[in-house]
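In: what's the 3D shape of this:
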Amino acid sequence: MKLSLIIRGQHPAGEDMRARLADDIDLVMRAEQLGFDALVKGSHYSAHPLQSLQQIPFLAQAAVLAPRLRLVCGLVLLPLHKPLDIADSSPRSTSCAAASWCSAAA
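Out: The predicted model follows:
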């Protein structure tokens with residue numbers, strides 16, 4: 001059995017996102033210490049009134065800090081993005097290409 005941690009990365013409006021990012025990164029580090037197999041981060045397109053961390057930058061930071069975890073991109077709604085933005089931020093085109101990635105697109 002494999003165990004994954006799903007991080008929503010959504011926080012109440014008005015909160016300090018630097019502090020919330022630090023909290024979410026602490027969760028990533030704890031997941032690796034506890035032996036989790038993967039980290040999942042989705043995208044939330046209608047987060048109002050919440051604030052949300054961006055999926056790919058968050059997973060890229062997680063790849064550096066917890067290299068043993070498999071990184072899973074939640075669903076990406078491609079029609080809502082510019083193709084070049086997705087290509088540029090894809091793991092295959094970043095410095096995190098050595099990490100283990102899994103993604104789903106629609």
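
In: mind listing what's buried in the biggest helix by length in the chain?
Out: Criterion DSSP state H: the longest helix present in the chain is helix 17-33. Across helix 17-33, burial judged by 16 or more other CB atoms under 10 Å covers 20-21, 24-25, 27-28, 31-32. Bear in mind the C-beta positions are built from the backbone N, C-alpha and C, glycine included.

In: so what strands line up beside the helix or strand just after that helix?
Out: Downstream of helix 17-33, the next assigned helix or strand under DSSP states H and E is strand 38-41. Strand 38-41 pairs in its sheet with strand 4-7 (parallel), strand 70-76 (parallel), by DSSP bridges.

In: sorry, back to before: of the buried residues of helix 17-33, closest to residue 42?
Out: Closest approach between those and residue 42, by CB to CB: residue 24, at 12.9 Å.

In: Can you find the helix or strand of the chain with the lowest average pLDDT?
Out: Within the chain, confidence by mean pLDDT, DSSP states H and E is lowest for strand 101-105 among all helices and strands, at a mean of 53.

In: Switch the buried residues of helix 17-33 over to CSV; also include distance to residue 56.
Out: What follows is these, written out as CSV (distance: CB to CB, whole Å):
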residue, distance to residue 56
20, 18
21, 14
24, 14
25, 15
27, 18
28, 15
31, 19
32, 19
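
In: ok, now which ones touch residue 12?
Out: Counting by CB atoms under 8 Å, 6 or more residues apart in numbering, residue 12 touches 49-51.

In: Of the residues you listed, keep whichever come out buried.
Out: residue 51.

In: and which of the contacts of residue 12 is nearest residue 3?
Out: For the contacts of residue 12, the minimum distance to residue 3 (CB to CB) is 26.0 Å, reached by residue 50.
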